[in-house]
Every structure is written in structure tokens, then in C-alpha cells.
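[1] Give me a model of this one.
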Amino acid sequence: MQYSLLSALAVRETADQTTLAADIALDRTTTTGALKRLAARNLVERAVNKDDRRARLCRLTPAGAALLVKIEGAARRAHRATLGDLSEREQAQFIEMMQRIVAGHPSRDSATALFD
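    So this is what the prediction gives:
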């Protein structure tokens, strides 16, 4: 999850917590907790959004960007190992189905709703 957040921030550069939660298909509460832990480790900066004081804008710190570069290879190897027993066609089907499940679920903000 933290790798996903760091990756999403690397792509977006700056994003609010709600957008990041949607990007990685997690509920906002879980995402906020993970971002707080990343900020405590100086990997992410979280600042109050001047346009909406209820929202926090997040971005990678230099340490977060460096860590992401360092772990990128291991993350890709883990991904390949997870899907390694599937053919390329099956891998594409699996990923497409998972994306449809996440995108089509009406209660994405509630992790427990996925298990009801």
C-alpha cells in the first residue's frame, strides 16, 4: 500500500488524500493513516490545502523519491512473481477483471463493503 502511494505521488507530483485513495483503490481512512506514517518517516509531505482547509495536499519528499527508485526493481519482481504462473493473456485478463471490480464497486470508500 505504501509503495502504491509513493508511486501514485510520483506520477501526480501533488495530490489530495481523496484522489490518492481513489488512485490506489483504498478507503480514505486507510489512505490517510498510511500517508501519516509516510510523513512521519519524512517520505511524504502533507500540507493543508489553501483552497479547501479540510483537505491535505501530499507530495513526495526527496527521501521518498529516492526510496521509490531504490525499491522499484523489487516491487516489479514481486509483481512478476505474483502473476508468474499465468500466461500473458491470463495476466492481462486478471488485471482487467480486478480493475473492473474496483472501478465498478459503488462503495469503494468502505473497505468492509467489499466483504458484505
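[2] And the helices in the protein, which stretches?
    Using DSSP state H, the helices of the chain run over residues 2-12, 17-23, 28-40, 62-83, 88-104.
[3] Quick one, which of those helices gets closest to A55.
    A55 lies closest to helix 17-23 among the helices of the chain, at 7.0 Å (Cβ to Cβ). For glycine as for every other residue, the C-beta is placed from the backbone atoms N, C-alpha and C.
[4] give me the low-pLDDT residue ranges for the protein?
    For the chain, the stretches with pLDDT under 70 are 102-116.
[5] cutoff 90 now
    Where the chain drops to pLDDT under 90, the residues are 1-4, 13-32, 47-57, 72-73, 75-84, 88, 91-92, 94-116.
[6] In TSV, list the helices of the chain along with distance to R54 and mean neighbour count.
    Formatted as TSV, those follow (distance: least, Cβ to Cβ, whole Å; neighbours: other Cβ atoms under 10 Å):
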stretch	distance to R54	mean neighbour count
helix 2-12	19	18
helix 17-23	10	19
helix 28-40	12	17
helix 62-83	24	13
helix 88-104	25	11
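[7] Between the ones you listed, which one is closest to V48.
    Nearest to V48, of all these, is helix 17-23, at 11.4 Å by Cβ to Cβ.
[8] hmm, back to that, is it possible to get a markdown table of the helices of the chain that adds distance to R56?
    Written out in a markdown table, the entries for the helices of the chain read as follows (distance: least, Cβ to Cβ, whole Å):
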| stretch | distance to R56 |
| --- | --- |
| helix 2-12 | 12 |
| helix 17-23 | 5 |
| helix 28-40 | 8 |
| helix 62-83 | 15 |
| helix 88-104 | 23 |
